[in-house]
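A.B. asks: the sequence isn't on hand, but the structure is:
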Ligand SMILES: [Zn+2]
């Protein structure tokens, strides 16, 4: 089957006076299958070149459309609405333009980092083993947040009938900024960063007890490992999986969180009319989304860093496996590498590619995308 090509964009990347002409070109000249547009985003600062001029956008995050309010039992934590020039109504216009130019529309929803919610409702934030509340991540174990997510996903599917809803940040964890950039006596390894991100909020502790795991012991284990790692007299662990093998209490706790996340995903698939695509970030340190059962009901979109082998993008057990790449991979010397990675991924069995972000692609960048995708599609056909 011909691999699909989606370009990721924020609604502000396609202002209303440019959306229709831009989409016409994407379909006719670049060979794009569709657009993957953020409908609910985390806080973001973006420097882009969409439309031929440099543009810096700073956004606190939230929904790009007003949600249909529930009259009976209103949500306890309704999502924030993104305000600012060029955002109101933009999603509707883009959806309309996609229909007009025969492009598929996917809507991206940040699950645990819905902009603005943590600031207004810190009681639903993730909490790490050191007792520090996240200023960015909501805990998806919390039923209030699960309800918000189900409502948002259901509402978007009904109102926009997208070909898919892409779930980003589907993880249970404490992630403030880039955990890897935390100043520390000794740089933390990937496993230690995952441990620092593990959530021990009240909802997670209750869930752990229900699932037969001991949250207090698990939190003590995390603190002990971090303490020894920071003092430098303890080798860093190779992976979170290695830590879990060594510490059964922690493994039991992580298993309950994985099951909680899988159950949430199953519920979203069941209540949503559109297909659910789960976006996994292998560069992130939320060890949990990496451990989700690959046979989960949605398709899997794997976000690769430039140094991640392309083999990691293909999940044979998944219903469908797709590759997510950064547009920056196509700049300068990386250009050749990008073409090869794309065709390698397709040859391995990836059913599609998403390029992040439309605003990072100059006119020549779009031409390179077209050439790379043609090459990949020929590879798939041969
Ligand atoms: Zn939690």
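C.D. replies: Yep, that arrived. Just so you know, these numbers come straight off a predicted model, no measurement behind them.

A.B. asks: can you list the weak-confidence ranges in the stretch 201-350 of the chain?
C.D. replies: Per-residue confidence for the stretch 201-350 of the chain (pLDDT under 70) gives these ranges: 283-295, 331-335.

A.B. asks: let's see 50
C.D. replies: For the stretch 201-350 of the chain, residues meeting the criterion pLDDT under 50 lie at 287.

A.B. asks: so which bits of the stretch 151-300 of the chain are right by the ion?
C.D. replies: Residues of the stretch 151-300 of the chain lying near the ion by Cβ under 5 Å from the ion: 199, 201, 204. C-beta coordinates here come from the backbone N, C-alpha and C atoms, glycine included.

A.B. asks: for the residues you listed, which one is nearest residue 240?
C.D. replies: The shortest gap between residue 240 and any of these belongs to residue 199, at 13.9 Å (Cβ to Cβ).

A.B. asks: what strand or helix carries the closest residue to that closest one other than its chain neighbours?
C.D. replies: Counting by Cβ to Cβ, 6 or more residues apart in numbering, the nearest residue to residue 199 once its immediate chain neighbours are dropped is residue 126, at 4.3 Å. For residue 126, the host element (DSSP states H and E) is strand 125-127.

A.B. asks: still on that earlier bit, who wins on neighbours among the residues of the stretch 151-300 of the chain next to the ion?
C.D. replies: Neighbours here mean other Cβ atoms under 10 Å. Within those, the largest count is held by residue 199, at 29 neighbours.

A.B. asks: how about the residue in the stretch 1-150 of the chain positioned nearest to the ion, phi and psi?
C.D. replies: The ion sits closest to residue 139 of the stretch 1-150 of the chain, with a gap of 3.3 Å, by Cβ to the ion. Main-chain torsions, residue 139, degrees, to the nearest 10: phi -90, psi 120.

A.B. asks: on that earlier part again, wait, doesn't the residue nearest to residue 199 sit right on residue 132?
C.D. replies: No. When contacts are counted by Cβ atoms under 8 Å, residue 126 is not listed as touching residue 132 (9.5 Å).

A.B. asks: what do the two both touch?
C.D. replies: residue 174 (Cβ atoms under 8 Å, 6 or more residues apart in numbering).

A.B. asks: okay, residue 326 and the ion: tell me how far apart.
C.D. replies: As defined by Cβ to the ion, to the nearest Å, residue 326 lies at a distance of 29 Å from the ion.

A.B. asks: and for that residue, the neighbour number?
C.D. replies: 18.

A.B. asks: partner residues bridging it?
C.D. replies: Counting by DSSP bridges, residue 326 forms beta bridges with residue 356.
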